[in-house]
Structure formats: C-alpha cells, structure tokens
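Asks: next come a sequence and a model predicted from it.
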Amino acid sequence: MSQTAATIAITGATGFLGGALAKRLLAEGHTIRALSRTTGHDDFPSGVEWITGDLADPASLSALVTGADRIIHAAGILGEFGIREEDYRQINAEGTRQVLAATTAALVDGRLGPEARVLHVGSAGILGPIRGRADGFRFDETMPFAPSNAYERSKALAESYAREFALAGLPVVIVRPEFVYGPGDRHVLGLFRAIERGMFFYVGSGNNHCHPTYIDDAVEGMVAGLQTGRVGQAYQIAGPRSVSFRELAETIAAALGVPPPRVRVPRAAAWLGAGVLEVAGRATGRSVPLSRTGVAFFSEDRRFSSAKAERELGYVPHVELKEGVARTIAWYRAEGLLGGT
C-alpha cells in the first residue's frame, strides 16, 4: 500500500487469510474496519473498528463500507465435508454479491473515498484440475472456469459477480491465492497431524502436483493487487513452484522428525473408502478423515502461473516449501496443536 494512511473495510478478518491481511495493513498504519458476526476479539491487535453483522445483512455491510478508501472482501467458507452446496453458494457467491452491491450503493451515494478500490479475494481453484496437459503446464488467467466441486463452483460464481460489477463501473480487482498455508492456519492442520501420526497415505503414486503458497507471500500478492492491480483483472497468487504430494509429505515428515509416508492406495479404492466414510459421517453427524473431494484433491494436478502478477504487480514469492513448513510446524507446536518441541 501507499504510505498515505487509508480507511480499509474488510470482510473475513476473523479468518486465516483475511486476518493476516488485516494485521499487515493495521501494522502499516491504516485504519481497519472489520465485519464480524460476534463481539470480542482479544486475539486481534487493538485499533480495529468492528462492525457486528454478516454478509446477509445489508445494514451492516453499508456501515462497513461507508467512508472507506479500500474495501477487501475476503470472507467465505473453505471446502469441507458436510457443507451443503447451497451453503457454499449463499456464503461465497451471494455474500460476494451483497458486499459488492453495498459498495456500489455507497459509491453512487458518494459515501466512499474519492479513489476507492475493491479487492475481491477469489481462488485459483475455479480453474479445476489440470487434465490432458503436458507435465509442467500451469494454468494462467486466460483459462476458462472449470470448477470440479461445490466450493470451486461457488467461488467461480463469486468471481463472475465481481467481473459483472467491474464492468458496471465498480473498481474491482480480483486476486486468486492458491493453497495458502502457514502460521495461523487450521484448515490443513489435519494433513500435518496425519503425517505426524503415521496415518497419511498417497492416493495413487503421490506424484500429482499441488501449489502451496506461504501466507506471507499470499499477503504480499494481495496487497500489491489492492494497490496497483488493474480494475476488472484477475491475478493468481501462488508459491515459488508446484510440488508433488510426495515432496510435500516428505518435507512435512522431515520437519516433524517422523518417517516419511510409504503407503500408496489406488484411487478407486480410496474413492470407495471415502464414500463409506461419508455415509457414516452423515449418519453420526461427525467429520470424516477423508472425503471424496479430498481423494480428488490428492489425486489430481493443480499448477498455476503467477507470471501476470509478477509482471504487473511486482509480485515475487520468496518462501520455499521447506522454510514455510518449518515455520508452520513451529507455530502449531507453540499453540499445542502438534506434538514435539
């Protein structure tokens, strides 16, 4: 961001990604106004103005954005077993539409800063997995949407809304962070725990690729998008390189000081087993250790290009997997979420 202090309205500040972004901007001297469904945030630095409400409450959204110079929409729910597709759509997609509608109304009424900008935090996952492409191929922003699950479909619809509002005159910039991990995250904690306990196995060969992005790099990319991104454009924010699930698991195991995973399970068998677990999970109301969406994730390829963000925003990811995993484990252990010292 520029050195001039701005009033920044943000949704999702109580989450991992939005929280890291809000704390970074607060530390830079900006005024942060954040939406929250609850009161009391003792784990957050002081100085934040909290607006009580949610994405379905137009009054709270209006209060959030009025007078803001920058608006960041980072709220949403991540992929997880047991969440209905309609819930994804209502929160991730319709919630986005509500935020952008409230911001548009404030713009029309002259209730925004004179050079207001909006940052929509999307997901590179809306492009789906890579299929039938040569090794090393990476998706860029020219690729069509091809979501493969309920979460990705809701994020694709949300980005479609963001593009529509941009075409209608709202100064919206889109960023797509991919597979963000690091201190403060609990979404991928289960992966670290499974490896620590010797319960992780590869689906298939383990040579399919994912594209981890350390939280500090993701925040740098989002801030750059907010500051200099072109209105109506999307920018993918990804780590230095994609890695195989085998490399990811072995890196985590080495940092934990445990043996690396060895077991491989054919995709068809893992799919069948996950289906059985889902039936049991629905019957008992409990979460499951592996869903069919998880099987798909671990057996498909997702590799993304950040060349556009590097070229236009000056984005450069710095944190390699080994260092990022070590920092993440140190935080998990400090919080008592993993064993060891």
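Replies: Looks like it came in fine.
Asks: please enumerate the helices of this structure.
Replies: 16-27, 58-65, 85-88, 95-108, 150-167, 189-196, 215-228, 245-256, 267-284, 292-299, 307-313, 321-334 (DSSP state H).
Asks: just send those helices back as CSV, with mean pLDDT and distance to residue 130 too.
Replies: In short, each C-beta sits where N, CA and C put it, glycine included. Shown next, in CSV, are those (pLDDT from 0 to 100; distance: least, Cβ to Cβ, whole Å):
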stretch, mean pLDDT, distance to residue 130
helix 16-27, 94, 24
helix 58-65, 96, 37
helix 85-88, 94, 23
helix 95-108, 96, 26
helix 150-167, 96, 14
helix 189-196, 95, 21
helix 215-228, 97, 21
helix 245-256, 97, 14
helix 267-284, 88, 16
helix 292-299, 89, 12
helix 307-313, 97, 16
helix 321-334, 97, 19
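Asks: now residue 215, nearest residue through space, not along the chain?
Replies: The shortest distance from residue 215 to any non-neighbouring residue, by Cβ to Cβ, 6 or more residues apart in numbering, is to residue 182 (3.2 Å).
Asks: quick one on the thing from earlier: single out the most deeply packed of the helices of the chain.
Replies: Using mean count of other Cβ atoms under 10 Å, the stretch among the helices of the chain with the greatest mean number of neighbours is helix 215-228 (a mean of 23).
Asks: now that one - C-alpha only, PDB.
Replies: In PDB, the C-alpha atoms belonging to helix 215-228 read as follows (Å, rounded to 0.1, in the frame of the first residue of the first chain):
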ATOM      1  CA  ILE A 215       0.900 -16.900   4.000                       C
ATOM      2  CA  ASP A 216       3.400 -14.100   3.900                       C
ATOM      3  CA  ASP A 217       3.700 -14.400   0.100                       C
ATOM      4  CA  ALA A 218       0.000 -14.500  -0.300                       C
ATOM      5  CA  VAL A 219      -0.400 -11.300   1.700                       C
ATOM      6  CA  GLU A 220       2.300  -9.600  -0.400                       C
ATOM      7  CA  GLY A 221       0.400 -10.500  -3.500                       C
ATOM      8  CA  MET A 222      -3.000  -9.400  -2.200                       C
ATOM      9  CA  VAL A 223      -1.600  -6.000  -1.000                       C
ATOM     10  CA  ALA A 224       0.000  -5.500  -4.400                       C
ATOM     11  CA  GLY A 225      -3.300  -6.300  -6.100                       C
ATOM     12  CA  LEU A 226      -5.100  -3.900  -3.900                       C
ATOM     13  CA  GLN A 227      -2.600  -1.100  -4.700                       C
ATOM     14  CA  THR A 228      -1.800  -1.500  -8.300                       C
END
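Asks: mind listing what residue 41 touches?
Replies: The contact partners of residue 41, by Cβ atoms under 8 Å, 6 or more residues apart in numbering, come to 14, 48, 50.
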